[in-house]
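A.B. asks: Sequence plus the predicted model coming up.
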Number of protein chains: 2
Amino acid sequence: MGCFDDGSFNVEVENGVMGSISCEEEGNRASIEDAVKILLLGLGEDINREGIRKTPFRVAKALREGTRGYRQKVKDIVQGALFPEAGLDDRVGHAGGAGGLVIVRDLDLFSYCESCMLPFQVKCHVGYVPSSQRVLGLSKLSRVSEVFAKRLQEPQRLADEVCAALHQGINPAGVAIVLHCSHIHFPDLESVFLDSNHQRWLKILVSSGTGVFENKNADEWADFYSLLKFRGINIEKVHVRGSSYQSWCTQSSLSAKVSSKIGPVNPVMATAVASIIKSLGEDPLRQELVGTPSRFVRWLMNFQTSNLDMKLNGFLHSGIDSLKTNGDVNSSDKKLHSDLNLPFWSQCEHHLLPFHGVVHIGYLISDGYIPIGKSTLQSIVHFYGFKLQVQERLTRQIAETISPLLDGDVIVVVEASHTCMISRGIEKFGSSTATIAVLGRFATEHALRASFLESIPSPTSSEGQ
Amino acid sequence: MGCFDDGSFNVEVENGVMGSISCEEEGNRASIEDAVKILLLGLGEDINREGIRKTPFRVAKALREGTRGYRQKVKDIVQGALFPEAGLDDRVGHAGGAGGLVIVRDLDLFSYCESCMLPFQVKCHVGYVPSSQRVLGLSKLSRVSEVFAKRLQEPQRLADEVCAALHQGINPAGVAIVLHCSHIHFPDLESVFLDSNHQRWLKILVSSGTGVFENKNADEWADFYSLLKFRGINIEKVHVRGSSYQSWCTQSSLSAKVSSKIGPVNPVMATAVASIIKSLGEDPLRQELVGTPSRFVRWLMNFQTSNLDMKLNGFLHSGIDSLKTNGDVNSSDKKLHSDLNLPFWSQCEHHLLPFHGVVHIGYLISDGYIPIGKSTLQSIVHFYGFKLQVQERLTRQIAETISPLLDGDVIVVVEASHTCMISRGIEKFGSSTATIAVLGRFATEHALRASFLESIPSPTSSEGQ
């Protein structure tokens, strides 16, 4: 696509409404698309395959949108949203536009980790103490926070930047920020089989304050926390600035350990990631970003096609052939057996973003004999997870793989959270997805299917944050 | 503002990025702004007052954005998002692109009630059974739902329209929709003093199905519900199409009862609301919308300025003067007394949208003598709630009103949900706001303030949905 004379043309933006986009914007997006093609080729994918043909376009659009904060100005947001509001005489007390603390709690944000480029989720709590008989429109506290969240970030810097920007914009007596950040903790292909208690999220609490909140021991902080504590925030856990951050982004600590197994990072792919970072409006040479391209590529290589096929072939030959022996039992004597909550990790091929959750498998057994152990099923789940996927296909592939070993009567349910549902335009934070594959008797006998579905536990204990 | 030759010009859109807008769009917005000015004048407001000077602009922007579904096409969203995906041979089972049920759960949406024009919240659950070896990108199920939610709606029609549109767009074996809708239940000024157990939300569950889901008793519905039930959905409560809807929007049923007290609806204001409906892209003569302008105006008149001042003056003269008697007790002997969780209802003057929540009041008493009963405090809270407000001012006004009656030592905390935080651009569904006013010893003694703040219970039991 070329650019028109007026420097803009219409495109379909995320919500289906037409919007306008500048020549420079278009140039940056095209450059991200080219870089994503290089990454897909590096993963061994056919970039003309139907499912991923438009992935470069989608990734570029989502990344530009997810980092739109680089192109936003706090001044534009705060301007015109400061309202005159009476306060009290200082000798009487504090309220309204002079000294009454204002807090907006539980703002859902997401950001991109500057260390590994995966999105992370943020519960954001913002407070400020008005002065000069002025208050800020409440929604602007959220909008200003978004400006800095929609960049490549690190929790403490995010808190500091929001805090400083609000202080400058409102000129209040003080600003306080508490962020509750959750970073998805993806295992890598090498370690996932060994680590059965893999922790799904790494969490950190950080805070930042200006003015009356500059001193961590100020009474104003105590007031602020009093109004947060009973919303599930435990102040004991707030990260102290300057202390070690090792546990936050595991990609950085893991990569050294596993790099010897995965081999050196493909330099062409790393250069492509660096060019993406530049196109988003960042300096790839900024100290914290220098290692990011290698970390992202190393993580991405968990999902290369050849990894998977090679390993699964070896696995099927050595481990499963011998299991296919009890096909002669009368099928009506069989009982339902369920293996629930097998975790999986995968990568959405439409957006190159993680999706993850649990797999529930049901099949029929005779006389209590279990032909496939749970750990074998877990391995099959991991094998199909670690590739560019869609959830519907993952569900079918697991079912098809185990079906011949189980006389063809199999049900597979996959429950997942998709990062693309939160980190793109629609930002549906609490949503989750379920897909089903039903084979043999599970396809035809509703009562059998129902008794399996009823056995699936509530997802609150096994899924998401 | 005039229109440029190319039929579009740049405006600041909600996220602070520049966008483009057509002449027609601008004309509609200007016409909504004019109508909002008429409504503000009808409420007895000075439309040049600083806080509401830009309210017509903000309301017009928010309403256009909140009803953008009228200007969106499902075809544009679904097109290019249908992916080829292998299924199974029908004789073997159902999975992937042929027969495997796909569900996206817990999508947070909001819509505008066509009966009263207040926003209502929706938990949306969408399912479909793919056919023809094709699946739809998961986020599109959310986007298509949004198209119909962002209109003036009624729960059953919303479910039916999303269902029909998805069926037409995907051409699957069937589509199923379950919506869990919550309509804010505002009391009116006349009844709020009598109704101490006022129900804050009215909820309804509706469903709609096409294809294999057309029959309510189909096995496919049982599968769908199995995967919803353990997410807090009780299928017993699903509304049966055609049965009475009386309890959904109380504005329609209430208005007849209270209209005699409030008096006839100002016809100029009603005409202004009808013109807003037209500018949003709707037909104000559509059967369900004919009574909407009157209902909206009747509801809005709860917040007229004169209502409040007249009543509060009367109240203060008759009820409170006699209370101001115990000012001579030594203040250090006093003990903290808390009145918590006093509900309030108000209207944001920046956006003409409801905000509501609870007020917590603390003060000092001697010898167990309580100078102001809880019901008196509740009345004061209601008096300041029922007007065009901002939360910071509400907090200050309550504190200032009761302070002289309590020797000047008062703390007031207001916790609220703001509809403008969910029904405008930022759509922060779980957020809440807290404001504080501290007078006298509560301003200077941190330990006293802290002991009150710690006594405020967790909001989960008292607030929001």
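C.D. replies: The structure has been received and is ready for your questions. Numbers count the residues shown, from 1 in each chain, chains lettered A, B, ... in the order given.

A.B. asks: contacts and neighbour counts: CA atoms only from here.
C.D. replies: Will do.

A.B. asks: And the helices in the stretch 201-350 of chain A?
C.D. replies: In the stretch 201-350 of chain A, the helices defined using DSSP state H, counting those that start in this stretch lie at A:219-229, A:250-262, A:267-279, A:292-300, A:305-319.

A.B. asks: what pLDDT, on average, does the longest one get?
C.D. replies: Along helix A:305-319, the predicted confidence averages to a pLDDT of 53.

A.B. asks: quick revisit: could you tell me the least trusted of the helices of the stretch 201-350 of chain A?
C.D. replies: Lowest mean pLDDT of these: helix A:305-319, a mean of 53.

A.B. asks: And for the nearest residue to A:K387 once chain neighbours are set aside, the neighbour number?
C.D. replies: Nearest residue to A:K387, sequence neighbours excluded (C-alpha to C-alpha, 6 or more residues apart in numbering or on different chains): A:F303, at 4.0 Å. Neighbour count for A:F303, taken as other C-alpha atoms under 10 Å in any protein chain shown: 23.

A.B. asks: before we move on, what about A:M301?
C.D. replies: 23.

A.B. asks: mind listing what A:S226 touches?
C.D. replies: Neighbour list for A:S226: B:A450, B:L453, B:E454 [criterion: C-alpha atoms under 8 Å, 6 or more residues apart in numbering or on different chains].

A.B. asks: Phi and psi next, for A:K216.
C.D. replies: With angles defined as degrees, to the nearest 10, A:K216 sits at phi -60, psi -20.

A.B. asks: the domain parsing of chain A - what is it?
C.D. replies: Using automatic domain parsing, the domain parsing of chain A gives A:67-263, A:304-461.

A.B. asks: Comparing the ones you listed by mean pLDDT, which bottoms out?
C.D. replies: Of all the domains of chain A, the minimum mean pLDDT falls on domain A:304-461 (a mean of 83).

A.B. asks: quick one: that one to chain centroid distance?
C.D. replies: 22 Å (C-alpha atoms, centre = their mean, to the nearest Å).

A.B. asks: what about the residue located most distally from the centre of chain A, distance to chain B?
C.D. replies: In chain A, the greatest distance from the average C-alpha position (C-alpha atoms, centre = their mean) is reached by A:R91, at 49.3 Å. Counting by C-alpha to the nearest C-alpha, to the nearest Å, the gap between A:R91 and chain B amounts to 8 Å.

A.B. asks: now do A:V212
C.D. replies: Distance, A:V212 to chain B, using C-alpha to the nearest C-alpha: 14 Å.

A.B. asks: For burial, what's the neighbour tally of that residue?
C.D. replies: Look at A:V212: counted by other C-alpha under 10 Å, it has 18 neighbours.

A.B. asks: again, but for A:K216
C.D. replies: The burial count for A:K216: 14, using other C-alpha under 10 Å.

A.B. asks: What's opposite the closest residue to it other than its chain neighbours in the beta bridge?
C.D. replies: In space, and not counting its chain neighbours, A:K216 is closest to A:G209: 7.9 Å by C-alpha to C-alpha, 6+ apart. Beta-bridge pairing for A:G209 (DSSP bridges): A:A176.

A.B. asks: out of the contacts of A:S226, which are buried?
C.D. replies: B:L453 (16 or more other C-alpha atoms under 10 Å in any protein chain shown).

A.B. asks: Mind putting the contacts of A:S226 into JSON lines with secondary structure and distance to chain A?
C.D. replies: Shown next, in JSON lines, are the contacts of A:S226 (DSSP: H, G, I helix; E, B strand; the rest coil; distance: C-alpha to the nearest C-alpha, whole Å):
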{"residue": "B:A450", "secondary structure": "helix", "distance to chain A": "7"}
{"residue": "B:L453", "secondary structure": "helix", "distance to chain A": "6"}
{"residue": "B:E454", "secondary structure": "helix", "distance to chain A": "6"}
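
A.B. asks: Could you save the contacts of A:S226 as a markdown table and add columns showing distance to B:E288?
C.D. replies: As requested, the contacts of A:S226 are exported to a markdown table (distance: C-alpha to C-alpha, whole Å):
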| residue | distance to B:E288 |
| --- | --- |
| B:A450 | 52 |
| B:L453 | 47 |
| B:E454 | 48 |
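
A.B. asks: Pull up the gap between A:P343 and chain B, please.
C.D. replies: Look at A:P343 and chain B: by C-alpha to the nearest C-alpha, they are 18 Å apart.

A.B. asks: so who does that residue touch?
C.D. replies: Listed by C-alpha under 8 Å, 6+ apart, the contact partners of A:P343 are A:H356, A:G357, A:V358, A:V359, A:Q378, A:V381.

A.B. asks: Okay, buried residues for the helix or strand containing the fifth one please.
C.D. replies: With secondary structure defined by DSSP states H and E, A:Q378 is part of helix A:374-385. The neighbour-count criterion (16+ other C-alpha under 10 Å) identifies A:L377, A:Q378, A:S379, A:I380, A:V381, A:H382, A:F383, A:Y384, A:G385 as the buried residues of helix A:374-385.

A.B. asks: tell me, which of those make contact with chain B?
C.D. replies: Checked against chain B using C-alpha under 8 Å from any C-alpha of the partner chain, the buried residues of helix A:374-385 yield no neighbours at all.

A.B. asks: Out of the contacts of A:S226, which comes closest to B:D188?
C.D. replies: If you rank those by distance to B:D188 using C-alpha to C-alpha, B:L453 comes first, at 30.4 Å.

A.B. asks: so how far is A:P264 from the residue nearest to that closest one when sequence neighbours are not counted?
C.D. replies: Nearest residue to B:L453, sequence neighbours excluded (C-alpha to C-alpha, 6+ apart): A:S226, at 6.0 Å. Going from A:S226 to A:P264 by C-alpha to C-alpha, to the nearest Å gives 50 Å.

A.B. asks: Repeat that for A:L394.
C.D. replies: Separation of A:L394 from A:P264 (C-alpha to C-alpha): 29 Å.

A.B. asks: Looking at those two, which is more packed in?
C.D. replies: Shown here are A:L394 and A:P264; by other C-alpha under 10 Å, A:L394 has more neighbours (25 against 10).

A.B. asks: Packing partners of the longest helix along chain A?
C.D. replies: The single longest helix within chain A, with elements called by DSSP state H, is helix A:23-42. With contacts defined as 3 or more C-alpha pairs under 8 Å, 6 or more residues apart in numbering or on different chains; DSSP states H and E, helix A:23-42 has these neighbours: helix A:55-66, helix A:267-279.

A.B. asks: if you average pLDDT over the shortest one, what comes out?
C.D. replies: Helix A:55-66 comes out with an average pLDDT of 92.

A.B. asks: what does it contact?
C.D. replies: Helix A:55-66 is contacted by residues A:29-30, A:32-34, A:36-37, A:111-112, A:150-151, A:280, A:349-352, A:423-425 when judged by C-alpha under 8 Å, 6+ apart.

A.B. asks: what do you get for stretch A:271-286?
C.D. replies: If you take C-alpha under 8 Å, 6+ apart as the criterion, stretch A:271-286 is touched by A:28-29, A:31-32, A:35-36, A:38-39, A:63-64, A:67, A:70, A:289-290, A:293, A:296-297.

A.B. asks: go on, stretch A:287-294?
C.D. replies: Identification of contacts with stretch A:287-294 by C-alpha under 8 Å, 6+ apart yields A:E114, A:S115, A:C116, A:M117, A:V265, A:A270, A:T271, A:V273, A:A274, A:D283, A:P284.

A.B. asks: Now which of these would you call buried?
C.D. replies: By 16+ other C-alpha under 10 Å, the contacts of stretch A:287-294 give A:E114, A:S115, A:C116, A:M117, A:V265, A:A270, A:T271, A:V273, A:A274, A:P284 as buried.
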